[in-house]
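In: structural data only, the sequence is not supplied:
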């Protein structure tokens, strides 16, 4: 198991080994690896599992009761949550062993049953039974972080701890795709990100183009095309509205006013739908690194942060009829090839920021990073801004498509002036390379670092 996930398993085991009754919340952005962590954690331990459905409280209790009846539990047709957990308590006593109760997609219960935690805590925290560890697993990270505790009020006291499952890193993905050219691994990362459950769809012995043709563009057997459709339908109501907004975002309409003019939807309506997409982890609002040059910051910018959704709406959604007409290779060459590296640029920036973070953790940077982010200006963007607690500043720009020349330094300095930053170090990341003028500048100025694809790898 990758180091990132093993650390999360170890944390859950530390809760389990302390022997106390507890209610933990484990959450993630969709498909970032909670299944791997939970599967490893419960291995060899008594576990009662229930995956909730999106339903009103009465139906939820009915379905749960029917499922438990098949496992020998005795419950009324419409049990309360207290009655369900009293059966779990009884099972723990019969086993005379700690019991883990694992509830998947717990938000489906919490949103419709506001007293759920209060009900189950009366049973969970009794001293008359062996240890009961309740693990509530959720995927709506934005709702859990921003709305849940307020909704719970005083019931939040019953929660023993939170664990947010981190996405797998790019370097962890690279280890799974060692046979694939490095730039193609970055292209693959632009679609799947750190969601390891999706990685297995691609064959590491094939190129990025071959994998896309096999898994997206072979219309009759397109596993990932169908999966993307299903994911959107399962998580979004009124898909026509959401699809319209997502299409706009994927094609450069990144501000509220742009989306309003393109779709004809009211700004208020768009904000409601954007909020839902943010809660789902599909869209993010872009915030700039805090500097005194805030008047030059581009505000109110949104972007798709889920690669699979972005790829679908950038290249496939509007060309559905052509997917049927063209052979996969023809479709790729006509509708994807020209713009794929521009699409990959966002993921490439994340890979470069991961490089900076890893260099920092290995003490390979000139200072220890205290704050990090990006600066999105009205006239240019600084992809990486990192500062120490004493004000040492590193700035960086990333380009997956083009070679950098010496004019890139001038452009970066102009952006820094508008951001009112005084950098001590300049980092240039290019997947294509650097011309002689910039290489010469780097030799003359040790604070200027050039990082190509080969230098980007850190083991």
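Out: Nice, thanks for sending it over. These numbers come from a predicted model, not from an experiment.
In: distance check, residue 255 against residue 266.
Out: Here residue 255 is placed at a distance of 15 Å from residue 266 (Cβ to Cβ, to the nearest Å). No exception for glycine: its C-beta is placed from N, CA and C like everyone else's.
In: what about stretch 283-298, start to end distance?
Out: One end of stretch 283-298 to the other measures 17 Å (Cα to Cα, to the nearest Å).
In: show me where the stretch 201-350 of the chain has strands.
Out: 283-286, 301-304 (DSSP state E, counting those that start in this stretch).
In: these: which one's closest to residue 248?
Out: Between residue 248 and the strands of the stretch 201-350 of the chain, the shortest separation by Cβ to Cβ is 9.7 Å, and it involves strand 301-304.
In: and the closest one, what's buried?
Out: 301, 302, 304 (16 or more other Cβ atoms under 10 Å).
In: quick check: the second one touching residue 249?
Out: This points to residue 302. Yes. Between residue 302 and residue 249 there is a contact under Cβ atoms under 8 Å: 6.2 Å.
In: overlap of the contact sets of those two?
Out: residue 283 (Cβ atoms under 8 Å, 6 or more residues apart in numbering).
In: quick revisit: more neighbours: which of residue 255 and residue 266?
Out: Shown here are residue 255 and residue 266; by other Cβ atoms under 10 Å, residue 255 has more neighbours (15 against 10).
In: count of neighbours near the nearest residue in space to the more buried one that is not next to it in sequence?
Out: Leaving out its chain neighbours, the residue that sits closest to residue 255 by Cβ to Cβ, 6 or more residues apart in numbering is residue 300, at 5.6 Å. Per other Cβ under 10 Å, the neighbour tally for residue 300 reads 11.
In: JSON lines for the strands of the stretch 201-350 of the chain, including distance to residue 206?
Out: Output for those, formatted as JSON lines (distance: least, Cβ to Cβ, whole Å):
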{"stretch": "strand 283-286", "distance to residue 206": "31"}
{"stretch": "strand 301-304", "distance to residue 206": "26"}
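In: dump those into TSV; add mean pLDDT as well.
Out: Shown next, in TSV, are these (pLDDT from 0 to 100):
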stretch	mean pLDDT
strand 283-286	92
strand 301-304	95
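In: for the helix or strand harbouring residue 185, the distance to its chain's centre please.
Out: For residue 185, the host element (DSSP states H and E) is helix 182-192. Relative to the mean C-alpha coordinate of its chain, helix 182-192 is positioned 15 Å out (Cα atoms, centre = their mean, to the nearest Å).
In: state the next helix or strand along the chain beyond it.
Out: By DSSP H and E, the next helix or strand past helix 182-192 is helix 196-199.
In: about what we covered before: and of the strands of the stretch 201-350 of the chain, who's closest to residue 326?
Out: Nearest to residue 326 among those is strand 301-304 (24.8 Å), distances taken as Cβ to Cβ.
In: how far out from the middle of the chain is that closest one?
Out: The answer for strand 301-304 is 14 Å, by Cα atoms, centre = their mean.
In: care to break this structure down by domain?
Out: 3-164, 207-338, 345-456 (automatic domain parsing).
In: tabulate these (CSV), appending distance to residue 200.
Out: CSV is the format used below for the domains of the chain (distance: least, Cβ to Cβ, whole Å):
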stretch, distance to residue 200
domain 3-164, 12
domain 207-338, 11
domain 345-456, 19
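In: wait, which of the ones you listed is closest to residue 181?
Out: Of all the domains of the chain, domain 207-338 sits nearest to residue 181, with 7.1 Å by Cβ to Cβ.
In: now do the closest one: distance from first to last residue.
Out: End-to-end distance (Cα to Cα), domain 207-338: 16 Å.
In: now the angle from the lengthiest helix in the chain to helix 182-192?
Out: The residue-count maximum for a helix in the chain (DSSP state H) belongs to helix 340-361. Per axes from the mean of the first three to the mean of the last three Cα atoms, to 10 degrees, the angle that helix 340-361 makes with helix 182-192 is 100 degrees.
In: what helices or strands is helix 340-361 leaning on?
Out: With contacts defined as 3 or more Cβ pairs under 8 Å, 6 or more residues apart in numbering; DSSP states H and E, the packing partners of helix 340-361 are helix 170-176, helix 182-192, helix 307-311, strand 371-377, strand 380-387, strand 393-399, strand 425-430, helix 453-456.
In: quick one: contacts of the third one?
Out: The reference is to helix 307-311. With contacts defined as Cβ under 8 Å, 6+ apart, helix 307-311 is touched by 189-193, 195, 198, 224, 228, 231-232, 246, 250, 282, 304, 343, 346-347.
In: ok, now the longest one?
Out: Contact with helix 182-192 is made by 170, 173-174, 177, 180, 198-199, 202, 207-208, 211, 307-308, 311, 340-341, 343-344, 346-348, 350-351, 400, 431, 453, 456-457, as judged by Cβ under 8 Å, 6+ apart.
In: and if you look at stretch 7-24?
Out: Here stretch 7-24 makes contact (Cβ under 8 Å, 6+ apart) with 1, 26, 37, 40-41, 45, 98, 100, 117, 120-121, 124-126, 131-136, 158-163, 165-166.
In: quick one, which of those are buried?
Out: For the contacts of stretch 7-24, a burial check counting by 16+ other Cβ under 10 Å picks out 26, 37, 40-41, 98, 100, 117, 120-121, 124, 131-136, 158-160, 163, 165-166.
In: keep only those of those residues that are in helices.
Out: Among the buried ones among the contacts of stretch 7-24, the residues falling in helices (DSSP H) are 37, 40, 41, 117, 120, 121, 124.
In: okay if I get these as a markdown table plus pLDDT and distance to residue 374?
Out: What follows is these, written out as a markdown table (pLDDT from 0 to 100; distance: Cβ to Cβ, whole Å):
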| residue | pLDDT | distance to residue 374 |
| --- | --- | --- |
| 37 | 89 | 29 |
| 40 | 92 | 34 |
| 41 | 94 | 35 |
| 117 | 94 | 38 |
| 120 | 96 | 42 |
| 121 | 96 | 42 |
| 124 | 96 | 43 |
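In: below-threshold pLDDT in the stretch 1-150 of the chain: ranges please.
Out: Residue ranges of the stretch 1-150 of the chain with pLDDT under 70: 1-2, 29-33.
In: can you do 90?
Out: Across the stretch 1-150 of the chain, the ranges flagged by pLDDT under 90 are 1-7, 28-37, 54, 111, 114, 139-150.
In: what's the burial count for residue 210?
Out: Number of residues near residue 210 (other Cβ under 10 Å) recorded here: 16.
In: what about it, distance to residue 180?
Out: 10 Å.
In: count of neighbours near the nearest residue to residue 236 once chain neighbours are set aside?
Out: Using Cβ to Cβ, 6+ apart and skipping the chain neighbours, the partner closest in space to residue 236 is residue 242 (4.6 Å). Using other Cβ under 10 Å, the number of residues around residue 242 comes to 21.
In: just residue 416 next, same as before
Out: Using other Cβ under 10 Å, residue 416 has 22 other residues around it.
In: list the contacts for it?
Out: 382, 395, 422, 423 are the contacts of residue 416 under Cβ under 8 Å, 6+ apart.
In: in TSV: the buried residues of strand 301-304, plus distance to residue 150.
Out: Shown next, in TSV, are these (distance: Cβ to Cβ, whole Å):
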residue	distance to residue 150
301	26
302	24
304	27
